[in-house]
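Student: prediction below, plus the sequence it came from.
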Amino acid sequence: MNLVVTYRPPPSSQNGLKTSTFLEECELLLDALNEIPGKLLILGDLNIHFDSPSRYDVARIMNLLRTARLIQYVSSPTHRGGHILDVAIAREDENLLCSVQIDPCLLSDHYTISCRIQSKKQTLQSKPTLFRKFCNLDNQRFSADLSSKLSGVQMTDDLNKFISDADNIIKCVLDEHAPICSRKSMTRHRPKWYTDDVDAARREKRRAERKWRKALRLNPASDPLPYHEAKTLVASAVSDSKQAYYHDIFERSSPKDMFKAVNELLNKNKRVLPNAESSVELASAFCSFFTDKVRNIRKCIDDLNVHASVLGLVSAKPNTKLSSFNLVTFSNLEDIIRKVPDKTCSLDPLPTWLLKKRILVFMPIILETVNSSLESGHYKPKGGRNTLIGQHLLGLHYAHSN
């Protein structure tokens, strides 16, 4: 649901505001809101006398609402002067508002508008989650079992069988020491800055609200101060939690993460796919874009080579051939593995961080696999090339330039 709160200052000679300008901007606003998906509710003080339909500004704005298929639900005076200045506007086909109640307010010249929204509470869905309890893993026993069982794997001419046997042994040992567990988790959206303090403050606010509403049935003049204080504490807890979260990000993050956080604060992370009649057409457009890009790069390289050969800048190619690779040493391979990021696919026999933690146990197998592949110059594993890829669009600029 999209909630829009508006306020229009009354025009005067001092502020230079004009009713005609407001009506033009209002028309642009309604056109923009109709393009946003979701239900729409507009609340606010427009300072227009909706109780006088014969006035030009009222007739104009009511015509704009009818064109946009919107309804103004407030029909009683909302001001001490007896006029309808405040509005509650929603689409006529969405049946969003069940009732609208006007209550006099002693603190302002405007009355309080209470709206009851007809909306279903979103049900939380549970999904099964598979995990391993690595915190209960006995590292010494795990390393000992791996070493004893992997020592029995012998290198043969079939490199695929060697890798498959090693993977099966690793999976069996891992299942023995940290078996796969299953649990159902509720898909509940929580912002990253949401903390236990915010949660506790929200529970206290709900408790104070229930207590105040219960007392309100017995005594209409019951004191709402504890409830208002609880609301203030929630707002303060949310503000403090957000400040601490983003301050920590800006303190320890790289420039890339910092710009990402700024875009999140400014709501600039919205990415829209290009227009396409079908998903097949969109996928073909992406494919054509990258294919043409590679073709253009190759053409530029060929043109540079031709230009250099014409000018005599290209030297004669040496009469050498690449016949073999240098084998990898234990220390070089260990250094490479320790520097790779801890990224893991669910198809891997064990997580990358656990491999790096027990690297000395796995090094003989990995070193044998790498050097055997380098010696033969040919490596096509049957199952080692499978992976799971998630979609993540980094930028959609192919429609603009290459």
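Tutor: Perfect, I can see it now.
Student: quick one: distance of stretch 117-133 to the chain centre.
Tutor: Between the centre of stretch 117-133 and the centre of its chain there are 17 Å (C-alpha atoms, centre = their mean, to the nearest Å).
Student: quick one: mean pLDDT for it?
Tutor: Average pLDDT, stretch 117-133: 79.
Student: then it to CSV, C-alphas only?
Tutor: Provided in CSV are the C-alpha atoms of stretch 117-133 (Å, rounded to 0.1, in the frame of the first residue of the first chain):
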residue,chain,number,x,y,z
ILE,A,117,-8.4,0.3,6.6
GLN,A,118,-9.7,-2.9,5.2
SER,A,119,-6.6,-5.0,4.6
LYS,A,120,-5.6,-8.6,5.3
LYS,A,121,-2.7,-9.2,7.6
GLN,A,122,0.1,-10.8,5.7
THR,A,123,0.5,-14.4,6.8
LEU,A,124,4.0,-15.6,7.5
GLN,A,125,5.0,-18.6,5.4
SER,A,126,7.3,-21.3,6.7
LYS,A,127,10.0,-22.9,4.6
PRO,A,128,12.2,-25.8,5.4
THR,A,129,15.9,-25.0,5.9
LEU,A,130,18.8,-27.5,5.8
PHE,A,131,21.8,-26.8,7.9
ARG,A,132,24.7,-28.4,9.8
LYS,A,133,25.7,-27.8,13.4
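Student: adjust the sequence numbering to begin at 13 for everything that follows.
Tutor: From this message on, residue numbering opens at 13, which makes the last subject stretch 129-145.
Student: give me the contacts around that stretch.
Tutor: Applying C-beta atoms under 8 Å, 6 or more residues apart in numbering, the external contacts of stretch 129-145 come out as 13, 51, 53, 107-110, 186, 190-200. The way it works is simple: take the backbone N, C-alpha and C, and place the C-beta from them, glycine included.
Student: now with 7 Å, please.
Tutor: 13, 107-110, 190, 192-200 (C-beta atoms under 7 Å, 6 or more residues apart in numbering).
Student: what's the ChimeraX line that selects buried ones from those residues?
Tutor: To isolate the buried members of the contacts of stretch 129-145 in ChimeraX, using 16 or more other C-beta atoms under 10 Å:
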select :108,109,190
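Student: pick out the most distant pair among the contacts of stretch 129-145.
Tutor: Maximum pairwise distance in the contacts of stretch 129-145, criterion C-beta to C-beta, is 54.0 Å, between 109 and 190.
Student: for the helix or strand where residue 41 lies, output the C-alpha coordinates as CSV.
Tutor: Here residue 41 sits within helix 31-46, counting by DSSP states H and E. Output of helix 31-46 as CSV, limited to C-alpha atoms (Å, rounded to 0.1, in the frame of the first residue of the first chain):
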residue,chain,number,x,y,z
THR,A,31,-4.2,27.9,-6.6
SER,A,32,-3.7,27.3,-10.3
THR,A,33,-0.1,26.1,-9.6
PHE,A,34,-1.3,23.7,-7.0
LEU,A,35,-4.0,22.2,-9.3
GLU,A,36,-1.3,21.6,-12.0
GLU,A,37,1.0,20.0,-9.6
CYS,A,38,-1.8,17.9,-8.2
GLU,A,39,-2.6,16.6,-11.6
LEU,A,40,1.0,15.6,-12.2
LEU,A,41,1.1,13.9,-8.8
LEU,A,42,-2.0,11.8,-9.5
ASP,A,43,-0.7,10.7,-12.8
ALA,A,44,2.6,9.6,-11.2
LEU,A,45,0.8,7.8,-8.4
ASN,A,46,-1.4,5.8,-10.8
